[in-house]
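# Okay, here's the prediction I keep looking at, along with the sequence it came from:
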Amino acid sequence: MENSDVFGSSTATPTWQYFLERMRHPSAADFVKGIKSFIVSFMNNTPDADRDSTAVQEFLGNMEAAFRSHSLWAGCSEEELESAGEGLEKYVMTKLFTRVFSAIPEDVEVDKQLHEKMALIQQFIRPENLDIKPTFQNETSWLLAQKELQKINMYKAPRDKLVCILNCCKVINNLLINASIAANEDHPGADEFLPVLIYVTIKANPPQLHSNLLYIQRYRRQNRLVAESAYFFTNMLSVESFIMNITAQALSMDESEFEKNVESARVLLYDLSESSDNVPSQTDQRIGHAPRTQAVEPEQPSNSWKHQGSTVSGQFSVDSSEMKSKNEESNLKDQLSLNKIPSISDLESRGATMLMKEVEVNHVFRDFPYLYSQAGDLTVSDVEGLLNNYKQLVFKYVCLAKGLGVGTPSPPLSDIQVQKNDQAEIVKESVNIGEGTANDEMHKDLSKLSAADLDEVSHFESENSESKLPEEPAVQTQV
């Protein structure tokens, strides 16, 4: 396999369909029996992360070796053998997903702690806190990168989850390259890339990030986790370590300023949570029941972007006795009072957070012309400037509308066709995540293999077919 394009074979060949075709052949009966036997045996074992990972890696390796020596693959290209291996991994891990994903209580706890940290930090972090140069600051690209990362829980196969990370990183990488070329600067490296990835990840706050990274690390075939995908994945591991061990110094803040921002963010989030639940409550009630986040044991950073001091422990936990003190109560009341009159910036930030939670964000933007157009699709002279300004305007408009509580924002223009997404590389990778679309023909194919055994996978494929934002065709408004 060529390491330079770890997803290349999957792009060229529909791996899922190819795998099913081979497994339907009468001579593949032993393979089907062996796969089912492994799954049944595995599901009956007590969860053990290291043992489970080793068992899956060995099974996939042995099966792929058996494929190569079997008459079914006689004369097949390396690409076709690679497709069979990808299909095998996808099927096996889809069946084992509920058994191995986030199955260890310790992993569940880390997911919770990491999610709470990012939820707090995203309320006050700015690009300047991570020394991101203005040249590389582009909210439009960052929002797209966030959405790609947030798709990670839509899929079950390790490769599909890895593609979500890859797509996110490619958006950032393309942004940095284009910005450096425009500014006539040197080619950006890890010192420019990692801070932006940290910022995007915190803003996205993807669900169960820790469990997803461990899942990929344990169950993605090791001989395929190489080259570009390995580089981006390693960077994401570094991002997780950075966030888990984050300090005031890491964000270029004074200790007192950092603690104040964390506490303000905690109060704001709790206040928003109370408002969203439509539960009437008094200020003192909110203060008395402020949520608490336990201290987090640090993980050793791998290839960390910048040196960090000791682990934050007390900064993310609230002493209930202090919360009940009169001085603290007074300060929090003042803070809540200020929050009742949000600024334009506050509304935009709140709307952006709400927008990130949208399941089908493309429906929110469907009535905004040119948002997903390429520069070559326009006929005006200064298209680059026009397109960039327009995208910035649309995102700010929708974020503000969300912050004001407008359910379906009305577009400034109408009756214009929405163009395709200009992120071609994302389309290339994402199209393979849902390559086994669950149409009628697919259901027939699945039933031929084993209706009882593959029904869950067909449902999984159906879910995937509804979650491919970058590759969706252009949507036209009604004239």
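Thanks, I have it. Not measured: the values here are computed from a predicted model.
# Quick check: the gap between residue 127 and residue 70.
Noted for residue 127: a distance of 54 Å to residue 70, by C-beta to C-beta, to the nearest Å. To be clear about C-beta, it is placed using only N, CA and C from the backbone, and glycine gets the same treatment.
# for residue 253, same thing?
For residue 253 relative to residue 70 (C-beta to C-beta), the value is 60 Å.
# For residue 204, grab the count of nearby residues.
22 (other C-beta atoms under 10 Å).
# Correct me if wrong: it contacts residue 143.
No: using C-beta atoms under 8 Å, residue 204 is not in contact with residue 143; the gap is 9.2 Å.
# which neighbours do these two share?
Common neighbours of residue 204 and residue 143 are not found (criterion: C-beta atoms under 8 Å, 6 or more residues apart in numbering).
# Name the secondary structure element that contains the nearest residue to residue 155 once chain neighbours are set aside.
Leaving aside its sequence neighbours, residue 155 sits nearest to residue 161 (C-beta to C-beta, 6 or more residues apart in numbering; 5.5 Å). Assessed by DSSP states H and E, residue 161 sits inside helix 158-182.
# Which elements pack onto that helix?
Judged by 3 or more C-beta pairs under 8 Å, 6 or more residues apart in numbering; DSSP states H and E, the packing partners of helix 158-182 are helix 78-100, helix 139-150, helix 190-204, helix 209-219, helix 227-244, helix 424-433.
# Can I get the fifth one in PDB? Just the C-alpha atoms.
In other words, helix 227-244. The C-alpha trace of helix 227-244 is given here as PDB (Å, rounded to 0.1, in the frame of the first residue of the first chain):
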ATOM      1  CA  ALA A 227       1.600   9.100   6.600                       C
ATOM      2  CA  GLU A 228      -0.800  12.100   6.500                       C
ATOM      3  CA  SER A 229      -3.500  10.500   8.600                       C
ATOM      4  CA  ALA A 230      -1.000   9.500  11.300                       C
ATOM      5  CA  TYR A 231       0.400  13.100  11.300                       C
ATOM      6  CA  PHE A 232      -3.000  14.700  11.700                       C
ATOM      7  CA  PHE A 233      -4.100  12.100  14.300                       C
ATOM      8  CA  THR A 234      -1.000  12.600  16.300                       C
ATOM      9  CA  ASN A 235      -1.700  16.400  16.300                       C
ATOM     10  CA  MET A 236      -5.200  15.700  17.600                       C
ATOM     11  CA  LEU A 237      -3.800  13.600  20.500                       C
ATOM     12  CA  SER A 238      -1.500  16.600  21.300                       C
ATOM     13  CA  VAL A 239      -4.600  18.800  21.300                       C
ATOM     14  CA  GLU A 240      -6.400  16.600  23.800                       C
ATOM     15  CA  SER A 241      -3.300  16.600  26.100                       C
ATOM     16  CA  PHE A 242      -3.000  20.400  25.900                       C
ATOM     17  CA  ILE A 243      -6.600  20.900  26.800                       C
ATOM     18  CA  MET A 244      -6.600  18.400  29.700                       C
END
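# and the very next helix or strand once past that helix, which residues are buried?
Per DSSP H and E, the first helix or strand lying C-terminal to helix 227-244 is helix 255-276. Within helix 255-276, the residues scored as buried using 16 or more other C-beta atoms under 10 Å are 258-259, 261-271.
# Stretch 181-200 now?
So for stretch 181-200, counting by 16+ other C-beta under 10 Å, buried means 188, 192-200.
# picking up where we left off before, with pLDDT and distance to residue 154 as new columns, can the buried residues of helix 255-276 be given to me in a markdown table?
Formatted as a markdown table, the buried residues of helix 255-276 follow (pLDDT from 0 to 100; distance: C-beta to C-beta, whole Å):
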| residue | pLDDT | distance to residue 154 |
| --- | --- | --- |
| 258 | 92 | 34 |
| 259 | 91 | 36 |
| 261 | 90 | 32 |
| 262 | 91 | 31 |
| 263 | 90 | 34 |
| 264 | 88 | 33 |
| 265 | 87 | 28 |
| 266 | 88 | 29 |
| 267 | 86 | 32 |
| 268 | 85 | 29 |
| 269 | 80 | 25 |
| 270 | 77 | 29 |
| 271 | 72 | 30 |
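# possible to save the residues you listed as a markdown table with distance to residue 30?
What follows is the buried residues of helix 255-276, written out as a markdown table (distance: C-beta to C-beta, whole Å):
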| residue | distance to residue 30 |
| --- | --- |
| 258 | 61 |
| 259 | 63 |
| 261 | 61 |
| 262 | 58 |
| 263 | 62 |
| 264 | 63 |
| 265 | 58 |
| 266 | 58 |
| 267 | 62 |
| 268 | 60 |
| 269 | 55 |
| 270 | 58 |
| 271 | 61 |
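# so what are the domain limits for this structure?
1-100, 105-341 (automatic domain parsing).
# Which of these has the lowest mean pLDDT?
Per-segment mean pLDDT for the domains of the chain reaches its minimum on domain 105-341, at a mean of 79.
# And the helices in the stretch 1-150 of the chain, which stretches?
8-12, 15-24, 29-43, 49-69, 78-100, 105-121, 139-150 (DSSP state H, counting those that start in this stretch).
# For the fourth one, C-alpha coordinates in PDB please.
Listed next in PDB are the C-alpha coordinates belonging to helix 49-69 (Å, rounded to 0.1, in the frame of the first residue of the first chain):
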ATOM      1  CA  ALA A  49      -9.100  -2.400  26.300                       C
ATOM      2  CA  ASP A  50      -5.600  -3.800  25.700                       C
ATOM      3  CA  ARG A  51      -6.800  -7.300  25.200                       C
ATOM      4  CA  ASP A  52      -9.700  -6.300  23.000                       C
ATOM      5  CA  SER A  53      -7.500  -4.100  20.800                       C
ATOM      6  CA  THR A  54      -4.900  -6.900  20.400                       C
ATOM      7  CA  ALA A  55      -7.600  -9.500  19.500                       C
ATOM      8  CA  VAL A  56      -9.200  -7.200  16.800                       C
ATOM      9  CA  GLN A  57      -5.900  -6.300  15.300                       C
ATOM     10  CA  GLU A  58      -4.800  -9.900  15.100                       C
ATOM     11  CA  PHE A  59      -8.100 -11.100  13.700                       C
ATOM     12  CA  LEU A  60      -8.200  -8.400  11.000                       C
ATOM     13  CA  GLY A  61      -4.500  -9.200  10.100                       C
ATOM     14  CA  ASN A  62      -5.100 -12.900   9.800                       C
ATOM     15  CA  MET A  63      -8.300 -12.400   7.700                       C
ATOM     16  CA  GLU A  64      -6.600 -10.100   5.300                       C
ATOM     17  CA  ALA A  65      -3.700 -12.600   4.900                       C
ATOM     18  CA  ALA A  66      -6.300 -15.300   4.200                       C
ATOM     19  CA  PHE A  67      -7.900 -13.000   1.600                       C
ATOM     20  CA  ARG A  68      -4.600 -12.700  -0.300                       C
ATOM     21  CA  SER A  69      -4.100 -16.500  -0.500                       C
END
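# what's it packed up against?
Packed next to helix 49-69, using 3+ C-beta pairs under 8 Å, 6+ apart, are helix 29-43, helix 78-100, helix 209-219.
# Go through the helices of the stretch 1-150 of the chain and pick out the most buried.
helix 139-150 (a mean of 23; mean count of other C-beta atoms under 10 Å).
# what angle separates that helix from helix 209-219?
60 degrees (axes from the mean of the first three to the mean of the last three C-alpha atoms, to 10 degrees).
# mind putting the helices and strands packed on helix 49-69 in a markdown table, distance to residue 132 included?
Listed next are these as a markdown table, based on distance: least, C-beta to C-beta, whole Å:
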| stretch | distance to residue 132 |
| --- | --- |
| helix 29-43 | 44 |
| helix 78-100 | 36 |
| helix 209-219 | 21 |
